[in-house]
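Participant: what's the 3D shape of this:
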Amino acid sequence: MKLRFRVDKIIRVFEKKLKPFNRIEISRGKMLGNYRSFVKMGKKMEFWPVMKANAYGCGIEQITEILDGVNFEYWVADSLVEAQKIWEKSSKRVLLIGPIQKENYKYIDFRKITLSVQSKEDLEVLGGLNKDIKIHLKVNTGMNRQGFEIEEIKEVVKVLEKYPRIEVEGVFSHLAQAESDILVERQEEKFKKAIDLLELYGIKPRWVHLAASAGAFRTKDSRINAVRLGIGLYEGGVRLVSTIVKARWVREGERVGYGGTYTMKEDGWLGVIPVGYYEALDRGLSNRGQVKYKDRYYPLAGNICMNMITVNFGRTEITEGEEVEVIGAEGKNSFKEMAQVCGTVDYELMVRLNASVRREIVD
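Facilitator: Now for the predicted structure:
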C-alpha cells in the first residue's frame with residue numbers, strides 16, 4: 001500500500017513538471033463573486049458549496065482552495081472519496097448526500113462528516129456503532145427519488161429513540177422543478193408537514209434545507225435556513241484553453257475527419273487541436289460547435305474525435321503553438337451555448353471536464 005502511494009505521488013509530481021497542451025482555468029474572482037451574490041440576496045440563509053462530480057467538473061482541489069476562507073458550515077459531497085479530497089485542503093465538515101455501503105460506515109470519522117439518512121435500516125446500522133453521529137434526514141416531497149415518506153416519520157422517530165447518540169441536526173428535501181412556482185409550493189407544503197411532525201415529536205433540527213441554486217429564493221418557510229449551492233456557484237467561472245498542434249492548408253471540396261462529414265466550401269486553413277470527447281466535448285457538437293481564436297469564433301470541421309478536433313479557420317492564418325479557447329466562460333463556445341446545441345443542460349457538459357486535464361486558478 002505504501003509503495004503504491006509513493007508511485008502515485010511520483011506520477012503526480014512528474015505530471016506537474018510537464019507543460020500541457022490543454023488547461024482548464026478556474027476563475028477565483030468569478031467563483032467568489034457568484035457565491036457572494038447569493039449570500040447578499042439571502043442574508044438569513046447559509047449557502048453550502050456542492051462539490052459532487054469533481055465540483056461540477058471544475059476540480060475539488062481548486063474550488064476548496066478558493067472557498068475555504070469563506071464562512072459556511074458545510075461542504076456538500078456525494079461520496080467518501082470526494083470528502084477525502086476536500087479534507088486535503090479544508091478542515092470544514094462535509095455533508096454527505098450520496099448513499100454509502102453499510103459496511104463502510106465503520107471507516108467513517110464522524111467528527112468530520114455528517115450523513116444524510118433515508119432508511120430505517122441505515123439508522124439501525126449507525127445506531128449499532130454506538131458513536132456520536134450527526135445526521136440530516138431526507139424527506140420525499142415529490143421528487144420520488146430519495147427520502148422518507150412523511151407517513152414514515154413516526155416510525156423513524158421510534159428508531160431514533162433507541163439511539164440517543166444519533167443527533168438529527170438537519171432535515172432536507174429536493175425540488176423537482178424549481179422554476180415552477182406551483183410545484184415548489186406543493187413540495188414546500190409537504191416539507192412543512194415533515195418539519196411540523198418532527199417538532200411534534202421533540203426534534204427541532206438546526207439546519208433545514210429544501211432548495212439548490214435555482215430554488216434558492218423561491219421558498220417561504222422561515223425555518224428554511226440553508227441552500228445547497230451547485231450550478232449557481234460555477235456558472236461562468238471556467239474555461240478550457242488548448243493549442244493548435246497542426247496547421248494545414250486544405251483545398252475546396254476536400255472532406256475532413258471520420259466519415260467525411262465536413263466538406264471544405266473554399267480553400268482555407270484547418271487547425272488541429274488536441275481536445276476531444278475524452279476531455280470535454282460532446283460529439284453532438286461535431287460540425288456545429290465553435291472555438292474562439294483572437295476574439296473571433298471559428299467552426300468545428302468534421303466529427304469530434306476521442307482526443308482531437310479540427311477547426312476551419314478559413315483565410316485566417318494560424319501558427320502552430322498558438323492558443324485557442326475551446327470552451328469559454330461566456331459567448332458562443334460557453335457551456336450554456338453548447339448545451340443548447342446538444343439539447344441538454346450546461347452542468348451535464350461541465351462535469352465531463354476530464355480530471356486528467358491540468359487545472360489552474362486564475363484571478
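Participant: show me what counts as buried in stretch 264-276.
Facilitator: Within stretch 264-276, the residues scored as buried using 16 or more other CB atoms under 10 Å are 264, 268-276. No exception for glycine: its C-beta is placed from N, CA and C like everyone else's.
Participant: show me those that map onto strands.
Facilitator: Under the assignment DSSP state E, these contribute 268-273 to strands.
Participant: coming back round to it: now the buried residues of stretch 264-276 as TSV including pLDDT and distance to Ser180?
Facilitator: As requested, the buried residues of stretch 264-276 are exported to TSV (pLDDT from 0 to 100; distance: CB to CB, whole Å):
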residue	pLDDT	distance to Ser180
Met264	98	47
Gly268	98	47
Trp269	98	48
Leu270	98	46
Gly271	98	44
Val272	98	45
Ile273	98	41
Pro274	98	43
Val275	98	37
Gly276	98	37
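Participant: specify which member of those is nearest to Glu88.
Facilitator: Set against Glu88, the nearest of the buried residues of stretch 264-276 by CB to CB is Val275 (27.7 Å).
Participant: that closest one contacts Cys305, correct?
Facilitator: No. Here Val275 does not reach Cys305: they are 9.4 Å apart, not a contact under CB atoms under 8 Å.
Participant: how near is the spatially most central residue of the chain to Leu233?
Facilitator: In the chain, the C-alpha nearest the mean C-alpha coordinate belongs to Tyr56, at 2.0 Å (CA atoms, centre = their mean). From Tyr56 across to Leu233, the span is 8 Å (CB to CB, to the nearest Å).
Participant: anything in contact with each of those two?
Facilitator: Val50 (CB atoms under 8 Å, 6 or more residues apart in numbering).
Participant: so who does the residue nearest to the centre of the chain touch?
Facilitator: 50, 230-231, 233-234, 347, 350-351.
Participant: pull the most distant pair out of the residues you listed.
Facilitator: Longest span within those, CB to CB: Leu233 and Val351, 13.6 Å.
Participant: what about Lys16, which SS state?
Facilitator: helix (DSSP: H, G, I helix; E, B strand; the rest coil).
Participant: okay, now Ala176: neighbour count?
Facilitator: 16 (other CB atoms under 10 Å).
Participant: please apply the same query to Gly237.
Facilitator: Neighbour tally, Gly237, other CB under 10 Å: 24.
Participant: against Tyr347, how distant is the closest residue in space to it that isn't next to it in sequence?
Facilitator: Once flanking residues are discounted, Gly237 sits nearest to Lys30: 3.8 Å by CB to CB, 6 or more residues apart in numbering. Look at Lys30 and Tyr347: by CB to CB, they are 16 Å apart.
Participant: where does pLDDT dip in the chain?
Facilitator: For the chain, applying pLDDT under 70 flags the ranges 1-14.
Participant: quick one, helices of the protein?
Facilitator: 2-17, 28-41, 52-56, 60-67, 80-87, 120-128, 153-161, 181-200, 231-234, 335-342, 346-350 (DSSP state H).
Participant: packing partners for the second one?
Facilitator: This points to helix 28-41. strand 46-49, helix 60-67, strand 226-229, helix 231-234 (3 or more CB pairs under 8 Å, 6 or more residues apart in numbering; DSSP states H and E).
Participant: out of the ones you listed, which comes closest to Leu137?
Facilitator: Here strand 226-229 is closest among these (CB to CB), at 14.0 Å.
Participant: ok, and what's touching the closest one?
Facilitator: 35, 38, 42, 45-50, 73-74, 76, 97, 170, 172, 207-209, 211-213, 216.
Participant: and if we set it to 10 Å?
Facilitator: Strand 226-229 is touched from outside by 34-35, 38-39, 42, 45-50, 52, 67, 72-74, 76, 95, 97, 136, 170, 172, 174, 206-213, 215-217, 219, with contacts defined as CB atoms under 10 Å, 6 or more residues apart in numbering.
Participant: of all the buried residues of stretch 264-276, which comes closest to Leu18?
Facilitator: Once CB to CB is applied, the member of these that ends up nearest Leu18 is Pro274, at 13.5 Å.
Participant: OK, contacts around the residue lying closest to that closest one once chain neighbours are set aside?
Facilitator: Leaving aside its sequence neighbours, Pro274 sits nearest to Phe21 (CB to CB, 6+ apart; 4.8 Å). By CB under 10 Å, 6+ apart, Phe21 lies in contact with 241-245, 273-275, 307, 321, 323, 357-358.
Participant: so what's the residue count around Val76?
Facilitator: Val76 has 25 neighbours, counted by other CB under 10 Å.
Participant: contact partners for it?
Facilitator: 48-52, 82-83, 86, 94-98, 114, 116, 209, 212, 226, 228-230.
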